[in-house]
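> I'd like to go over a predicted model; first the sequence, then the structure.
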Amino acid sequence: MKRKTVYLLVQSLLCALLAELLAAGALRLYLDGAARQAEGDMFYYMFTRERVTQQLQPVLPLILVALGLTAGGVMLGIRDERADLPVRDMHLLGEKGSIRMRAVPQASDRRTVVLRTVVLVVAGILIVAGILNGGLEDVLAKGAAICTECVGLG
């Protein structure tokens, strides 16, 4: 196997593992909160900053490695050449056997790649800052209020 193929395979497996671990952590948070509420503690908040941080601590090194691999791959220009090729799917075939797909624009300009990377890093920093600032609790409270208003309970 080529080194690039191994790199992309490792990155894909790491992202899949990370998604599984994050989903398991979210499920643990929910089940713990549901059990506490079933015991009669109706004011137990499942998704506080401390509980989310506690669930993210074991996964944080894996998140940092995945982000590092992704950033390294973007900076080195490692990508799958076959990603832009059309998929031979019978549902997408037209009358004459040609594939009905729009062309995907190529991001070959280096400035575009750098700009996308900067936007991704800034977005990640702002998400982490919002979580540390207590924005997670605000969003949860506002979401619950909106839901109860839509249903007509509020």
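Thanks, I have it. Note that the coordinates shown come from a computational prediction; the quantities given were computed from them, not determined experimentally.
> Surely Val52 touches Glu137?
No - with contact defined as C-beta atoms under 8 Å, Val52 does not count as touching Glu137 (10.0 Å). Bear in mind the C-beta positions are built from the backbone N, C-alpha and C, glycine included.
> intersection of neighbour lists for these two?
When contacts are counted by C-beta atoms under 8 Å, 6 or more residues apart in numbering, the set common to Val52 and Glu137 is empty.
> Quick one: mean pLDDT for the helix or strand harbouring Lys142?
Assigned by DSSP states H and E, Lys142 belongs to helix 135-151. Per-region confidence: helix 135-151 scores 78 on mean pLDDT.
> Give the buried residues for it.
Leu136 (16 or more other C-beta atoms under 10 Å).
> and it, how far from the chain's centre?
Offset of helix 135-151 from its chain centre (C-alpha atoms, centre = their mean, to the nearest Å): 22 Å.
> Can you work out which other helices and strands pack against that helix?
Identification of packing neighbours for helix 135-151 by 3 or more C-beta pairs under 8 Å, 6 or more residues apart in numbering; DSSP states H and E yields helix 49-56.
> and the one helix or strand in the chain whose mean pLDDT sits lowest with helix 49-56, angle?
None of the helices or strands of the chain scores lower by mean pLDDT, DSSP states H and E than helix 135-151, at a mean of 78. Here the directions of helix 135-151 and helix 49-56 differ by 110 degrees (axes from the mean of the first three to the mean of the last three C-alpha atoms, to 10 degrees).
> Helices of this structure, start to end?
Taking DSSP state H as the test, the helices found in the chain are 3-38, 49-56, 60-76, 110-132, 135-151.
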